[in-house]
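Asks: Provided below for reference: sequence and predicted model.
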Amino acid sequence: MGINEETGTAARPKGRVRAFVRAWRGPRLKWPRRIALALALVLLVPPLAGAVALRFNYAGDLQDGTRTRGKDAIWLGHAWVDGRKKDADVRAFAERIRGTGIKDLYVHAGPLEHDGTLPADRYPRARRLIDAVHREMPGIRVQAWLGDVLANDGPDGLRLDERSRDAVVGSARQILDAGFEGVHFDLEPLLSGDRDYLSLLDALRELTRDRKAQLSVAAHQIDPLPALHRVNAAVTGREKWWSQTFFGEVARRVDQIAVMSYDTWMPLEGMYGGYVAQQTALALEVTPPDTDLLMGLPFFHEDDLGHHENAETVEAAVRGTRLGLGRTDRDRKRFGVALYVDFAAEEGDWKAYREGWC
């Protein structure tokens, strides 16, 4: 390439450029060119537009009053009920959450068997933990975190037929008899519109009301676009999202609903924060005012297709949550965040939660 003597800039090889343009416009390449352009538009424009929209949703000022209401929760691992954690750990944890908004502890006491039953030897130190929490952290509730894989992706797992639903209710009664003040269920993958799940919640709600206990669930994310869960099911054979209508039906049947607002596939922090802001707004629109709505914070660090730790940060989740709350229902009282999970958390996660939310 030569130098243009008048401007001092690189001169373009005009002959070769014009020959290339003529070839590109030639009749033999007209339809392949159009097809390539159409494919590029189909494949690139929607994701780019979505990325821009999410990043725009992450912009803006945070409003006053969009901080903790003292309704927060944290998922705790099985070590707290199987004997690995001691009284000293309870005291250290009490100091850790002092001055935060944490009200509920979801302590892993399962998993359930595939028939819905729960062996009592899975939580041998539950009573000791509950007594220690009440002694060291007055006012904090201890709920049993129960779950299982549902048989929606294959032959193995829990099927929510009538017999299994009765067994799950029996397991919840068993947990409450052990001293837990509530039951938190995480059943996955749970398909949008599952009427058997709603029937299970109705039965559990009757039990927990009679026992003056909490009924809480972990919830899938809501369709970011209408009916996206159906499209995803048709393409991949699995459902990642719930419809907003189904989310509302679940929320009306429980005391607390915690959105698993992580594992979102978002590759960039701004996109993830904008996604959380959208999820917060969608959930607020259909959650009754007498149900606690909690948005999940990613207190874990992995890098895979579903979760990129440099994108799904606690800072971005907190900011997205505050943006969605401020735009949709700033004065809502029954609202908080849920921290997943204690055994994978790092100091930076706790610092971001405290500074951004508390």
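Replies: Alright, I've got the coordinates.
Asks: C-alpha only now, for contacts and for neighbours.
Replies: Noted.
Asks: Spit out the contact partners of the nearest residue to Gly99 once chain neighbours are set aside.
Replies: Once flanking residues are discounted, Gly99 sits nearest to Cys358: 7.8 Å by Cα to Cα, 6 or more residues apart in numbering. By Cα atoms under 8 Å, 6 or more residues apart in numbering, Cys358 lies in contact with Arg67, Thr68, Gly99, Thr100, Gly101.
Asks: Please determine how far Cys358 is located from Val337.
Replies: Applying Cα to Cα, to the nearest Å, the value for Cys358 to Val337 is 10 Å.
Asks: Between the two, which contacts overlap?
Replies: Residues touching both Cys358 and Val337 (Cα under 8 Å, 6+ apart) are Thr68.
Asks: Put together TSV for the contacts of Cys358, with distance to Ser192 on each row.
Replies: Listed next are the contacts of Cys358 as TSV, based on distance: Cα to Cα, whole Å:
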residue	distance to Ser192
Arg67	31
Thr68	30
Gly99	37
Thr100	34
Gly101	31
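Asks: who does the helix or strand Ser216 falls within pair up with?
Replies: Assigned by DSSP states H and E, Ser216 falls within strand 214-219. Applying DSSP bridges to the sheet, strand 214-219 is found paired with strand 182-188 (parallel), strand 256-259 (parallel).
Asks: closest one to Gly147 among these?
Replies: The closest of these to Gly147 is strand 182-188. By Cα to Cα, the value is 4.6 Å.
Asks: Now tell me what touches the closest one from outside.
Replies: With contact meaning Cα under 8 Å, 6+ apart, strand 182-188 is reached by 106, 141-150, 172, 175-176, 208, 213-219.
Asks: again, 6 Å this time
Replies: By Cα atoms under 6 Å, 6 or more residues apart in numbering, the residues outside strand 182-188 that reach it are 143-150, 213-218.
Asks: related to what we said a few turns ago, elements contacting the helix or strand following the strand holding Ser216?
Replies: As assigned by DSSP H and E, the chain's next helix or strand after strand 214-219 is strand 221-222. Packing partners of strand 221-222 (3 or more Cα pairs under 6 Å, 6 or more residues apart in numbering; DSSP states H and E): strand 241-242.
Asks: got a list of what the closest residue to Ala316 other than its chain neighbours touches?
Replies: Distances taken as Cα to Cα, 6+ apart put Gly273 closest to Ala316, at 4.6 Å, once the chain neighbours are dropped. Going by Cα under 6 Å, 6+ apart, Gly273 touches Tyr58, Ala316, Ala317, Gly320.
Asks: run the last query once more with 10 Å
Replies: Contact analysis of Gly273 by Cα atoms under 10 Å, 6 or more residues apart in numbering lists 54-59, 266, 279, 311-321, 323-324.
Asks: quick one: it is in a helix?
Replies: Yes - applying DSSP: H, G, I helix; E, B strand; the rest coil, one finds Gly273 inside a helix.
Asks: Local confidence estimate at it?
Replies: Note on Gly273: pLDDT of 98.
Asks: lowest-confidence helix or strand of the protein?
Replies: Counting by mean pLDDT, DSSP states H and E, the weakest-scoring helix or strand in the chain turns out to be helix 14-25, with a mean of 40.
Asks: Among the contacts of Gly273, name the buried ones.
Replies: Neighbour counting by 16 or more other Cα atoms under 10 Å classes 54-55, 57-58, 266, 279, 311-321, 323-324 among those as buried.
Asks: all helices of the stretch 51-200 of the chain, in order?
Replies: For the stretch 51-200 of the chain, the helices defined by DSSP state H, counting those that start in this stretch cover 87-97, 126-136, 162-177, 195-210.
Asks: got the contact list for the most centrally placed residue in the chain?
Replies: Centroid check for the chain by Cα atoms, centre = their mean gives Met260 as the closest residue, at 1.6 Å. Applying Cα under 10 Å, 6+ apart to Met260 gives the contacts 186, 218-222, 294-298, 338-340.
Asks: Just the closest of the residues you listed to Ala126, please.
Replies: Looking at those and their distance to Ala126, the nearest is Asp186, at 19.0 Å (Cα to Cα).
Asks: okay, the helices of the stretch 51-200 of the chain, which one's buried deepest?
Replies: Of all the helices of the stretch 51-200 of the chain, helix 162-177 has the most neighbours on average by mean count of other Cα atoms under 10 Å, namely a mean of 19.
Asks: Give me the packing partners of that one, helices and strands only.
Replies: Here helix 162-177 touches strand 141-149, strand 182-188, helix 195-210, going by 3 or more Cα pairs under 10 Å, 6 or more residues apart in numbering; DSSP states H and E.
Asks: And Pro298, how close does it get to Val250?
Replies: Going from Pro298 to Val250 by Cα to Cα gives 23 Å.
Asks: I should have written Ala213 there, sorry.
Replies: 18 Å.
Asks: coming back round to it: can you say which of the helices of the stretch 51-200 of the chain is nearest to Glu113?
Replies: Closest to Glu113 of the helices of the stretch 51-200 of the chain is helix 162-177 (Cα to Cα; 9.3 Å).
Asks: Nice, that's everything, thank you.
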